[in-house]
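# sequence and predicted structure, then a few things I'm wondering about:
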Amino acid sequence: MLDSGSTGFTGDPRLVELARTGAAPAGMSCTDLHKLTLLSMLMTDRPELQIVELALATVPTLLATTAVHLYLRDGDWWPTAPDDCALAALPVGNTHGLPVRLGVDEPAGYAVPVRSPGIDLGHLVVATAGPLADDALFPVQVLAQQLAVALDNARRHARELAMVDRLGRILHMHERLVAVAGDGDTAAMIDAVAELTGRAVALDIGGGAPQPSAGGWTDRPVRSPRARQRLIERLRREPRSVRDGDLLVALVGHRSDSTALLQLADPHRTAGEYEALVLEYAAAIAAVELARSATLLEAERQLRADLVEELLIGIPEAVARARARALGVDLDSPRRVVVVRPACAGSGGAAALDGLRGSIHRLLTRHGGAGLVIAGDSEVLCLAPADLGWPDALKALRAEAGAHPCRVAVGSLCRSVPQFPTSLRHARQAAALTAHTERDLVCFDDLGIHRLLALNNEAGDLDDYIAEWLGGLIDYGRRNSAAADLTGTLRSYFNSGASITATAAVLHLHESTVKYRLQRIVDITGHDLSDPATRFAMQVAVHALEAREALGPPTT
């Protein structure tokens, strides 16, 4: 119950009396009271513009005025601001209308506060022909209070509608992104963000151009590695998305090890809170998807590596084909086992081998052999397509940033599953037979006579042949360690085209010394070096000895 003597409600006891009794106080006609009552009803649940229009249209029916203006403290004038009139300095707590000077054309007027308890929105300014009595201005004061309440309610309602709309958009965004996240399709996620925001979107996971949404993403220069790293470090420090030129960018996952960027094109810088929220929520969901994809890729990589190991060791063909079929690996395509080793033994350690494995993986991916790569303790093994041109492939490996020098040995052709272990053995034999040379690329098929020697080594025939032709010479060297290296002399002799002069030049000896050593060789072995057939057999034996030293003991 309001106290009729209180002024706490509006500061004007007449308004209190009007609210208490409903009867028009002195200075207000019943007609004006009915107008105000009807106006109060009409302003209920209307938009702000309609409320203002109703109020401004009613003022002239309550008061003789030449012009009506509404000034709101947020800077708006309705319909327009009168010349040379500044109301911002008027007292906020003023209840009654204050006389104001409106300008040359409208010299006199009153500024009636548009206020109610807890509400102070501005002033209703009326231009009059002269001064007014307080009672004459009272109906406009009542209207101004009604206007304050109606505008406040309209603004509250607008904020509530905006909040409901925002919540609805957020709910739709949540449902849309969760739906595409369940499909596990990163491209669909990017397209969903573009659909929800109405802007072009791209996912930058590094290593090339970003993955764009369907249409709308214009060609943009790819960030330099340094600029990209600076942006990532900045995002790791920020709790939310940031602007980078004409892009709004969010770090996918916001983890210390995350390097993926989800970015929204915003050339006119009009993206607001909603767009930022969509981008950040999508980045969080994309992080889960990328992590899941990475886990699946790592699992598949490990399964492929296991398959490579089993093929190289030798497993039943039916088992190998079943596992290869599950991984989408075609075992009917001709392949070769390739051994890749750092050019310098022990250089770079595990990191160098892992980097080399990654380089070979990328190389084979471009040639249809993705994932068939494993890294061992000192070498990388792969099952390469048989038609891969290794001279060009070796150049591509060396061209990669941070590439380590390496040597490549290519094994024999594999047309069936049981041939993979043999191809591996041949690749390693090729690497061993040329380890003392400067060759960075060797193919088993190109080894010439050394290829035949390696094949004989598998059956243990190599030792028998060496013993037949060089056994005496080898035994003599063991018994007389201080004597001249007759085996080395014989090797130089054959490598010099059986020329005594050339051999002497290579060994830095006098020709007579070379002749003496060759005679000693004939005496010890009993083989006549002047006989072409004998000389050829002994030359093969020298090559066989080199092969034995490179290949080690017989494999069987």
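Cool, got the structure.
# how about the helices of the stretch 1-150 of the chain, start to end?
13-21, 30-42, 48-62, 134-183 (DSSP state H, counting those that start in this stretch).
# ok, which of those comes nearest D266?
Proximity to D266, assessed across the helices of the stretch 1-150 of the chain by Cβ to Cβ, is greatest for helix 134-183 (17.3 Å). Any C-beta I mention is one placed from the backbone N, CA and C, and that applies to glycine too.
# what helices or strands is that closest one leaning on?
Where contact means 3 or more Cβ pairs under 8 Å, 6 or more residues apart in numbering; DSSP states H and E, helix 134-183 is packed against helix 13-21, helix 30-42, helix 48-62, strand 109-116, strand 119-127, helix 186-197, helix 273-313.
# of these, flag the one that's most buried.
Most buried of the helices and strands packed on helix 134-183 by mean neighbour count (mean count of other Cβ atoms under 10 Å) is strand 109-116; its value is a mean of 24.
# turn the helices of the stretch 1-150 of the chain into a markdown table, columns for distance to R236.
What follows is the helices of the stretch 1-150 of the chain, written out as a markdown table (distance: least, Cβ to Cβ, whole Å):
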| stretch | distance to R236 |
| --- | --- |
| helix 13-21 | 60 |
| helix 30-42 | 57 |
| helix 48-62 | 44 |
| helix 134-183 | 23 |
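# got TSV for those, with distance to V522 and mean pLDDT too?
Shown next, in TSV, are those (distance: least, Cβ to Cβ, whole Å; pLDDT from 0 to 100):
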stretch	distance to V522	mean pLDDT
helix 13-21	138	67
helix 30-42	131	85
helix 48-62	119	91
helix 134-183	82	86
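# could I get the helices and strands packed on helix 134-183 in a markdown table, plus columns for distance to T513?
Listed next are those as a markdown table, based on distance: least, Cβ to Cβ, whole Å:
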| stretch | distance to T513 |
| --- | --- |
| helix 13-21 | 134 |
| helix 30-42 | 129 |
| helix 48-62 | 116 |
| strand 109-116 | 123 |
| strand 119-127 | 118 |
| helix 186-197 | 76 |
| helix 273-313 | 50 |
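# what's the closest of those to S213?
In terms of Cβ to Cβ, the element of the helices and strands packed on helix 134-183 nearest to S213 is helix 186-197, at 3.8 Å.
# and the gap between H254 and I285?
12 Å (Cβ to Cβ, to the nearest Å).
# after the helix or strand bottoming out on mean pLDDT in the chain, which helix or strand is next?
Ranked by mean pLDDT, DSSP states H and E, the helix or strand of the chain with the weakest confidence is helix 449-459, at a mean of 59. As assigned by DSSP states H and E, the chain's next helix or strand after helix 449-459 is helix 461-479.
# could you give the mean pLDDT of that following helix?
In this model, helix 461-479 has a mean pLDDT of 78.
# which parts of whichever helix or strand comes after it are buried?
Per DSSP H and E, the first helix or strand lying C-terminal to helix 461-479 is helix 486-495. Judged by neighbour count (16 or more other Cβ atoms under 10 Å), helix 486-495 contains these buried residues: 486-487, 489-494.
# ok, the closest residue to A67 other than its chain neighbours to G75 distance?
Counting by Cβ to Cβ, 6 or more residues apart in numbering, the nearest residue to A67 once its immediate chain neighbours are dropped is A127, at 4.0 Å. A127 sits 21 Å away from G75, going by Cβ to Cβ.
# hmm, Y493 and M538 touching each other?
No. Using Cβ atoms under 8 Å, M538 is not in contact with Y493, being 9.6 Å away.
# okay, A250: pLDDT?
90.
# who touches it in this structure?
Going by Cβ atoms under 8 Å, 6 or more residues apart in numbering, A250 touches 235, 240-241, 261-263, 279-280, 282-283.
# and with 6 Å instead?
The contact partners of A250, by Cβ atoms under 6 Å, 6 or more residues apart in numbering, come to 241, 262, 279-280, 283.
# also R407?
With Cβ under 6 Å, 6+ apart, R407 has these contacts: 341, 343, 440.
# confirm that the first one sits in a helix.
Put plainly, it is R341. No. Per DSSP: H, G, I helix; E, B strand; the rest coil, R341 lies outside any helix segment and is strand.
# for the nearest residue to it once chain neighbours are set aside, what are phi and psi?
Spatial nearest neighbour of R341, excluding adjacent residues (Cβ to Cβ, 6+ apart): E379 at 4.6 Å. Main-chain torsions, E379, degrees, to the nearest 10: phi -150, psi 160.
# how about the one 10 residues further on?
The phi/psi pair for G389 (degrees, to the nearest 10) reads phi -80, psi 110.
# and it, how many neighbours?
For G389, the count of nearby residues is 11 (other Cβ atoms under 10 Å).
# shaky segments in the stretch 301-450 of the chain?
345-349, 369-371, 401-402, 448-450 (pLDDT under 70).
# one more time with 80, if that's ok
For the stretch 301-450 of the chain, the stretches with pLDDT under 80 are 343-352, 367-371, 400-404, 432-438, 447-450.
# which residues are in contact with R517?
R517 makes contact with 486, 489 under the criterion Cβ under 6 Å, 6+ apart.
# tilt between the one helix or strand it maps to and helix 486-495?
R517 belongs to helix 511-525 when assigned by DSSP H and E. Helix 511-525 runs at 110 degrees relative to helix 486-495, counting by axes from the mean of the first three to the mean of the last three Cα atoms, to 10 degrees.
# what's downstream of helix 511-525, the next helix or strand?
Next along from helix 511-525, by DSSP H and E: helix 532-551.
# list the contacts of stretch 362-381.
Residues outside stretch 362-381 that contact it (Cβ under 6 Å, 6+ apart) are 301, 304-305, 308, 339-341, 353, 356-357, 360-361, 382-385, 388, 393, 396.
# drop anything exposed from those.
301, 304-305, 308, 339-341, 353, 356-357, 360-361, 382-384, 388, 393.
# quick one: mean pLDDT for whichever strand or helix holds R236?
Using DSSP H and E, R236 maps to helix 225-237. Helix 225-237 carries an average pLDDT of 88.
# pLDDT (mean, whole number) over the very next helix or strand once past that helix?
Heading C-terminal from helix 225-237, the first helix or strand you meet, by DSSP H and E, is strand 242-244. Taken as a whole, strand 242-244 has a mean pLDDT of 90.
# try stretch 110-129
Rounded mean pLDDT across stretch 110-129 is 85.
# first to last residue in that stretch, what's the distance?
Stretch 110-129 has its terminal residues 11 Å apart, counting by Cα to Cα, to the nearest Å.
# next: stretch 202-209.
End-to-end distance of stretch 202-209 (Cα to Cα): 9 Å.
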